[in-house]
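In: sequence unknown, structure follows:
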DNA sequence: CGCTCGAATGGCAGCGCTGCCAATGGGAGG
DNA sequence: CCTCCCATTGGCAGCGCTGCCATTCGAGCG
């Protein structure tokens, strides 16, 4: 008895269109039309097909469907990291809109490695996705080649400083750095240091520093110090970096951190050492994380439209929009730490 | 000129196995063998095929490949949210291991809605994934039915309190609640309140509270108050919730928050109001976020092995392990706030 | 020198579904 | 009562690739 049942169950889950057609006593095309609610068929037929499909536990095979119809509903998303909250945020925006439009996201994480990014792009392209979203504008030559040659819709997110392949959505990281520098200068800080993580990998952070330094130069200044820690960004790294800078240069009056996480590390370091923020030392971050808003002293930072970038990217995929650049800007949050 | 070039480029990106075979002057199967490095072929043939593929810009079509060979390298992952850091963390662990094993993740987000979860499961199953990872053990009856009937490897993550379908990996949320209660009781707190977000949706948070209350009952106590805010968890919600509790019950001496984010909100609320932690009010969270460690007063919380859960799940997929339960436990971090 | 054996290779039937086209049949119009 | 038309429906050729089987062609061996 059990053997028979098992067999039936096993068979059920592998039912094909043809099985459903046979069970319902109609042709395959009719089943296909009913299930996709596309084309014409009678109400009676509809019932028969639907109940046959249900009783067989039929699950359509999208692999076959996609191959036959050409054009999948998959959207590939290649991001550098999942540890940096920025990317889950962007993903969230993209995912919500994509799902609403009937797309499915396939994600890949490059760990800030262009070589891996290239592999993942190749691998994603092999699924013939409807579109490919990639963080940033910098890619290996081979990757650029593949992206350019492919007729797939390409969306490069989070950066506008440079040439894009098809669609670019984000904001200028250079401008972020410039705005930050102008803010700090306007508050009277002059001996400013930078504390960041590995810049070779994170080109956007590099652009922010470049913009920041450019404005300093325009005012006849330069960075008082810079500490680059060749690890992934983290709270601890912010603490350590700040400690090193203050040891070398006790007279520094403001620190620009490469992101809010690092800045929190620095901020709490100050709290623990009795360094008063911002009168003894000003702290400025980047990202506009929620936690910065509920601190007794809200963190001075730049709020970026991460979720929106993802959402708009998804909309453009659905709309099959023409190639374009979309600048979503950013917002400087004065806060109370700088 | 340009027209011709465009045409050629367009053609290039759509090259098929047959095109490569023709260009290399060999049969399709030979190309397939060379490209997959599977089966035998001469070195000379290999060269010819590889250069033909390269010059055509051939990108294999995995859709077709999968259909023909049955069995994809896709792993579906269904999580309730991307806003709650827990899931990106788990995803990170899973993704890293999966990529190393040559799998690709397809993710779907249910927004804590069982109806949507059911849809996403159906939709994922339609891609005939090698495995399906789902957060939690509670699913709609229909979803359970599909999962059980399908012969796909099913991994239910982050919860062990209840029956699982195939493989379950995580820890007991009930035990987390119990351990938390024991800790607070041992520190002498007796008038304890709970501040949480919507529990109907988040069954795991519900289990933690249940375990917590069970221990209180065993000591002849009960929750002094509970504030459930029917929104997604956030720092602000933690602040508001705590404020309401303290307004109603100023004598409360400890608060158990449904997670670290809420707890941070509460902690900073205290800092702003001059409420001394933990002497005036103890605060306990859940999740073990990095930021809790760098606070001047480290947050008392429970550290959960989120990344590991994802990683181990991925390993079990690769190993085609038998059905099992894997308890990864959790760690109570005493901290300094409770 | 003939024969065996296996490496190297090509041919081709599907995988499950969609898209196109032809076939069917019953009602409306004349 | 006969056409014509169109809503329904079935048949079937692929989509691009893999798996299996057959074939070819030397090399090694007795």
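Out: Nice, I can see it. On a predicted model such as this, the values are computed, not experimentally measured, just so you know. Numbers count the residues shown, from 1 in each chain, chains lettered A, B, ... in the order given.

In: Run a quick neighbour tally on the closest residue to DNA strand C within the stretch 1-150 of chain A.
Out: Sorted by distance to DNA strand C under C-beta to the nearest atom of the strand, the residues of the stretch 1-150 of chain A start with residue A:17, at 2.7 Å. In this view, the C-beta of every residue, glycine as well, is placed from N, C-alpha and C. Using other C-beta atoms under 10 Å in any protein chain shown, residue A:17 has 19 other residues around it.

In: Pull the contacting residues for it.
Out: A:28, A:31, A:32, A:58, A:60 (C-beta atoms under 8 Å, 6 or more residues apart in numbering or on different chains).

In: Can you tell me how far the last one is from chain B?
Out: If I follow you right, that is residue A:60. With distances taken as C-beta to the nearest C-beta, to the nearest Å, residue A:60 is found 5 Å from chain B.

In: What of the fourth one?
Out: Here residue A:58 is placed at a distance of 10 Å from chain B (C-beta to the nearest C-beta).

In: Which strand or helix spans residue A:120?
Out: For residue A:120, the host element (DSSP states H and E) is helix A:114-125.

In: Tell me if that helix is near chain B.
Out: Yes. Under the criterion of C-beta under 8 Å from any C-beta of the partner chain, chain B is reached by helix A:114-125 at A:122, A:123, A:124, A:125.

In: Which one (most neighbours) among the contacts of residue A:17?
Out: Result: residue A:31 is most packed of the contacts of residue A:17 (other C-beta under 10 Å), 28 neighbours.

In: looking at it, that one is touching residue A:24, isn't it?
Out: Yes. Look at residue A:31 against residue A:24 with C-beta atoms under 8 Å: they come within range, at 6.6 Å.

In: ok, back up a step: filter the contacts of residue A:17 by proximity to DNA strand D?
Out: With C-beta under 7 Å from any atom of the strand as the criterion, the contacts of residue A:17 include residue A:28 near DNA strand D.

In: which among the contacts of residue A:17 gets closest to residue A:182?
Out: Of all the contacts of residue A:17, residue A:182 sits closest to residue A:60, with 56.4 Å by C-beta to C-beta.

In: And that closest one, how far from residue B:121?
Out: Distance of residue A:60 to residue B:121, given as C-beta to C-beta, to the nearest Å: 14 Å.

In: before we move on, what about residue A:239?
Out: Residue A:239 is 43 Å from residue B:121, by C-beta to C-beta.

In: what do you get for residue A:212?
Out: Separation of residue A:212 from residue B:121 (C-beta to C-beta) stands at 47 Å.

In: Check residue A:123 too.
Out: Distance of residue A:123 to residue B:121, given as C-beta to C-beta: 25 Å.

In: Which one of these two is surrounded by more residues?
Out: Using other C-beta under 10 Å as the criterion, residue A:123 and residue B:121 rank with residue B:121 on top: 26 against 20.

In: Quick check: residues of chain A near DNA strand D?
Out: Neighbours of DNA strand D within chain A, by C-beta under 7 Å from any atom of the strand: A:25-30, A:33, A:39-42, A:44-45, A:64, A:67-68, A:70.

In: Please type out the PyMOL selection for whichever of those residues turn out to be buried.
Out: Per 16 or more other C-beta atoms under 10 Å in any protein chain shown, the buried members of those correspond to this PyMOL selection:
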select buried, chain A and resi 26+30+33+41+45+64+67
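
In: the strands in the stretch 151-300 of chain A, which residues?
Out: Ranges of strands within the stretch 151-300 of chain A are A:153-157, A:167-170, A:192-197, A:225-229, A:254-257, A:282-284, based on DSSP state E, counting those that start in this stretch.

In: what does the fifth one rub up against?
Out: Residues from elsewhere that reach strand A:254-257 (C-beta under 8 Å, 6+ apart): A:180-181, A:184, A:187, A:189, A:191-196, A:212, A:238, A:241-242, A:245, A:263, A:266, A:278, A:281-286, A:338.

In: what do you get for the first one?
Out: For strand A:153-157, the surrounding residues in contact (C-beta under 8 Å, 6+ apart) are A:90, A:130-137, A:147, A:164-170, A:309-310, A:313, A:316-317, A:320.

In: Narrow those residues to those in helices?
Out: The helices, defined by DSSP state H, take in A:90, A:147, A:309, A:310, A:313, A:316, A:317 from the contacts of strand A:153-157.

In: so how far is DNA strand D from residue A:261?
Out: According to C-beta to the nearest atom of the strand, to the nearest Å, residue A:261 stands 43 Å off from DNA strand D.

In: who touches that residue in this structure?
Out: A:85, A:233, A:234, A:235, A:238, A:287, A:289, B:290, B:291.

In: Just among these, which is most surrounded?
Out: Ranking those using other C-beta under 10 Å puts residue A:238 first, with 31 neighbours.

In: And the residue of the stretch 201-338 of chain A that's closest to DNA strand C?
Out: residue A:320 (16.2 Å).

In: Now that residue. Nearest residue, chain neighbours left out?
Out: residue A:153 (7.5 Å; C-beta to C-beta, 6 or more residues apart in numbering or on different chains).

In: Please report how far residue A:90 lies from DNA strand D.
Out: Distance from residue A:90 to DNA strand D, by C-beta to the nearest atom of the strand: 31 Å.

In: cool, residue A:336 as well?
Out: Taking C-beta to the nearest atom of the strand, one finds residue A:336 at 59 Å from DNA strand D.

In: for residue A:160, same thing?
Out: Counting by C-beta to the nearest atom of the strand, the gap from residue A:160 to DNA strand D is 35 Å.

In: and what of residue A:286?
Out: With distances taken as C-beta to the nearest atom of the strand, residue A:286 is found 44 Å from DNA strand D.

In: Just the closest of the contacts of residue A:261 to residue A:205, please.
Out: Nearest member of the contacts of residue A:261 to residue A:205, counting by C-beta to C-beta, is residue A:233, at 8.5 Å.

In: Up against chain B, what does the stretch 101-250 of chain A have?
Out: A:104-109, A:122-128, A:146, A:149-151, A:234-236, A:239.

In: Among these, name the ones in helices.
Out: Residues from these lying in helices, with DSSP H as the criterion: A:122, A:123, A:124, A:125, A:146, A:149, A:235, A:236, A:239.

In: between those, which is closest to residue B:295?
Out: residue A:235 (9.5 Å).

In: Surely the closest one and residue A:262 touch.
Out: Yes. If you go by C-beta under 8 Å, residue A:235 and residue A:262 touch, sitting 7.2 Å apart.

In: how about the nearest residue to residue A:241 once chain neighbours are set aside, what does it touch?
Out: Counting by C-beta to C-beta, 6+ apart, residue A:241 lies nearest to residue A:195, which is 3.8 Å off, once chain neighbours are set aside. Shown in contact with residue A:195 (C-beta under 8 Å, 6+ apart): A:226-227, A:229, A:238, A:241-242, A:245, A:255-258, A:262, A:266.

In: Residue A:195 and DNA strand C: what is the separation?
Out: Taking C-beta to the nearest atom of the strand, one finds residue A:195 at 54 Å from DNA strand C.
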